[in-house]
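>>> Here is the input, now give the coordinates:
(chains A, B, C and D)
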2 protein chains.
Amino acid sequence: MKSTIKDVAKKANVSIATVSFVINDSKPISEDTKNRVLKAIKALNYHPSKSAINLVSGKTGNIGFILTDDHFLRTEPFYTTIFLGTEFEARSEGYYILLTSVKPDFTEKDTLPRFILNKSVDGIIIAGKIPHTLIEKISAYHLPTVFIDYIPPTKSYPLILIDNIQGGLLATNHLITLGHRNIAFIGGDMKHPSLSDRLSGYKQALGNANIPIKNNFIIADAKYPDRKNGYNSAKKLFSKNKNVSAVFAGNDAMAIGVLHYLNDNGYKVPQDVSLVGFDDVEADLMLRPPLTTIRVPKIEMGIEALKLIVNTLKNKKSLSKKVLVPVELIIRESTSVYKPK
Amino acid sequence: MKSTIKDVAKKANVSIATVSFVINDSKPISEDTKNRVLKAIKALNYHPSKSAINLVSGKTGNIGFILTDDHFLRTEPFYTTIFLGTEFEARSEGYYILLTSVKPDFTEKDTLPRFILNKSVDGIIIAGKIPHTLIEKISAYHLPTVFIDYIPPTKSYPLILIDNIQGGLLATNHLITLGHRNIAFIGGDMKHPSLSDRLSGYKQALGNANIPIKNNFIIADAKYPDRKNGYNSAKKLFSKNKNVSAVFAGNDAMAIGVLHYLNDNGYKVPQDVSLVGFDDVEADLMLRPPLTTIRVPKIEMGIEALKLIVNTLKNKKSLSKKVLVPVELIIRESTSVYKPK
DNA sequence: AAACTATGGTTAAACGTTTAACGAGTTTTA
DNA sequence: TAAAACTCGTTAAACGTTTAACCATAGTTT
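Just a heads-up that it's a prediction; the model follows:
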């Protein structure tokens, strides 16, 4: 059951080095012996021990995937879907992904993920905003690292980013095209570049259409962009501004909160208020009405991240330090042509 | 940056064996030297190399998690949530989880997951129904294995199972208590023990209440228990049976399909038809009305599975070969008292 | 025919741990 | 007081690979 390189060598009547050369194609070996070795490998159902290879090569064949607890457990499976993308690509690249989450309030005293301390990974993928102290600590280990959907404030790293400005433009333009003029923006955690870029896109679109930007149409003081805060922000917005006919929410979680507020308060979507989200999470399709949104290619982002890491590991040199993934407007039933009352 | 046991030994002025004994507490060492070693470890920021430990111990510290592609990618994150449970527990137990998915139509020719071939795992967790040929092939490797939510047909394995009969009873009793008599069951993939047990619970509850079981109230010919088939089964049911006042769906995915059918066809839930699902997936809360369902403790199932594996690995002997996890009735707004028209 | 060059292979060290076998002091026992 | 037993250590082999250094043979130059 557990045959080693020695067994193969004996069976093929060669040295273990020769077996190694055949397996890795790392030195010219005659067709004849090569076949003998290959046959022995098959006969013994031999597969090299990863542990041994790891030890001697200093590599592990693993890549760590880090996100914060709240991202890990949040209702909308955004970052976990990205994880699936990396796992998918890792399979064809021969890597394993070790997933772990960290506390969002990581401090100097907290310990790093085990796979970093144990040297169990060759590279790291970090998804979403993570604490600065953690980044500092990790960077001391000099592991190739790529960030997804977050720009670390200090050092420069390879990045996989969403084209958020473009998304903000698409969403807002869609509403403008439908005839809306009183378009609100609902956001939260505006220190996160993604959210602030979406707001920039919104402002840009309004500017392009010569629609004045009204500050009381922008509700962005919530700490986290989740459903509850979406609901509360909608309450804040509509209690003061009855004339808003369309809302662009910074992400789908908030959009869902907004939709629930509207449902609960007698507004009909899209007849009374049009609503656009951002992310395209599973839940959107299940809403009544299904949510118009900006699709973020989550699986693809994971794939890109893994490719970037693997490229730097294989020293093929990473082609681009910054991948901006495109977004797409998905028109469903939560938006419609503006009809004055 | 990369200090080894040798560096520690030199710094503490002891042999590397002593360092090892201190780290693993595997032989009595005097307080004095122990402290010296500990200090050296801290000073050098030493962490043992996993690769080396793996090689010498023959263990990997990894546990494989297998599910099929369709379960991996399905809309309701059922098995992936279970995975999160295992990952969570693995952290405190010092294991890594390697997740991989396999084709649902795995045949003799297909290759096993890499982590089995590479001997990269010490044990395996299998979630959901997987092809029989795959089970056979895996079992040849004699790795400790536990199954979650599936009973393999041939050999006997440690199992983590849902108390589906109890769940079926709870759901149906709830409807009976509300005064319903014409209660339908909608299922699919009835060869899966989970689904057929839920049906058994349904029948048992009706029997207990002396309500005759009507075959045309049981729609269970769909191949997969998903939303689409839920929708179609509801169509089948209601086009022939106008008098059904309550539906128990075999899982939430089907329940969601049923709900959409009812919405689309002028039935009000719960005023006209009460609806109960099974699983308690995220989506339930977002439905209008939120779905009454049977909660399956998914995270806990993952935790139990990992504990079982780890126990057998540490040879503490697994306490029970079969863990039946309890379920819970979650009453939300899709069920109400029966009102005759 | 002597000297060089490929070609195809072997030997042995190295990677960083664990652990069986051994040993030097110190205590206990009879 | 000599033998036995315990304490706290050390030495060295082993785990399964990769790879630098080496070597034998045959073919090619001069």
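
>>> ok, the closest residue to DNA strand C within the stretch 201-341 of chain A - how many residues close by?
Nearest to DNA strand C in the stretch 201-341 of chain A, going by C-beta to the nearest atom of the strand, is A:Leu313, at a distance of 18.5 Å. Heads up, the C-betas are built off the backbone N, CA and C, glycines and all. Look at A:Leu313: counted by other C-beta atoms under 10 Å in any protein chain shown, it has 18 neighbours.

>>> ok, it - contacts?
By C-beta atoms under 8 Å, 6 or more residues apart in numbering or on different chains, A:Leu313 lies in contact with A:122-123, A:144.

>>> 6 Å instead?
Going by C-beta atoms under 6 Å, 6 or more residues apart in numbering or on different chains, A:Leu313 touches A:122-123.

>>> for chain A, what spans make up the strands?
Assigned by DSSP state E, the strands in chain A fall at A:62-68, A:96-102, A:123-127, A:145-148, A:159-162, A:183-188, A:218-222, A:246-249, A:274-276, A:293-295, A:322-325, A:328-330.

>>> can you tell which of the ones you listed is closest to chain B?
strand A:96-102 (5.1 Å; C-beta to the nearest C-beta).

>>> for that closest one, packing partners?
strand A:62-68, helix A:78-93 (3 or more C-beta pairs under 6 Å, 6 or more residues apart in numbering or on different chains; DSSP states H and E).

>>> returning to that earlier point: could you redo the strands of chain A as JSON lines and give each row mean pLDDT and mean neighbour count?
JSON lines is the format used below for those (pLDDT from 0 to 100; neighbours: other C-beta atoms under 10 Å in any protein chain shown):
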{"stretch": "strand A:62-68", "mean pLDDT": "94", "mean neighbour count": "26"}
{"stretch": "strand A:96-102", "mean pLDDT": "89", "mean neighbour count": "24"}
{"stretch": "strand A:123-127", "mean pLDDT": "96", "mean neighbour count": "25"}
{"stretch": "strand A:145-148", "mean pLDDT": "96", "mean neighbour count": "24"}
{"stretch": "strand A:159-162", "mean pLDDT": "96", "mean neighbour count": "22"}
{"stretch": "strand A:183-188", "mean pLDDT": "97", "mean neighbour count": "26"}
{"stretch": "strand A:218-222", "mean pLDDT": "96", "mean neighbour count": "19"}
{"stretch": "strand A:246-249", "mean pLDDT": "98", "mean neighbour count": "30"}
{"stretch": "strand A:274-276", "mean pLDDT": "98", "mean neighbour count": "27"}
{"stretch": "strand A:293-295", "mean pLDDT": "98", "mean neighbour count": "24"}
{"stretch": "strand A:322-325", "mean pLDDT": "93", "mean neighbour count": "16"}
{"stretch": "strand A:328-330", "mean pLDDT": "97", "mean neighbour count": "16"}
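
>>> who in chain A is up against chain B?
Contact residues (C-beta under 6 Å from any C-beta of the partner chain) of chain A with chain B: A:47, A:49-52, A:54-55, A:75, A:77, A:96, A:98, A:117-120, A:282-283, A:286.

>>> Now render the helices and strands packed on strand A:96-102 as TSV, adding distance to A:Lys341.
Shown next, in TSV, are those (distance: least, C-beta to C-beta, whole Å):
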stretch	distance to A:Lys341
strand A:62-68	44
helix A:78-93	36
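
>>> Present the ones you listed as a markdown table; the columns should include distance to DNA strand C.
Below are these laid out as a markdown table (distance: least, C-beta to the nearest atom of the strand, whole Å):
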| stretch | distance to DNA strand C |
| --- | --- |
| strand A:62-68 | 16 |
| helix A:78-93 | 24 |
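
>>> what's the average pLDDT for stretch A:41-56?
What stretch A:41-56 shows for mean pLDDT is 93.

>>> which parts of that stretch are buried?
Across stretch A:41-56, burial judged by 16 or more other C-beta atoms under 10 Å in any protein chain shown covers A:41, A:44, A:46-55.

>>> Out of these, flag the one nearest to B:Pro153.
A:His47 (28.0 Å; C-beta to C-beta).

>>> Name the nearest residue to that closest one, sequence neighbours excluded.
Leaving aside its chain neighbours, A:His47 sits nearest to B:Leu117 (4.7 Å; criterion: C-beta to C-beta, 6 or more residues apart in numbering or on different chains).
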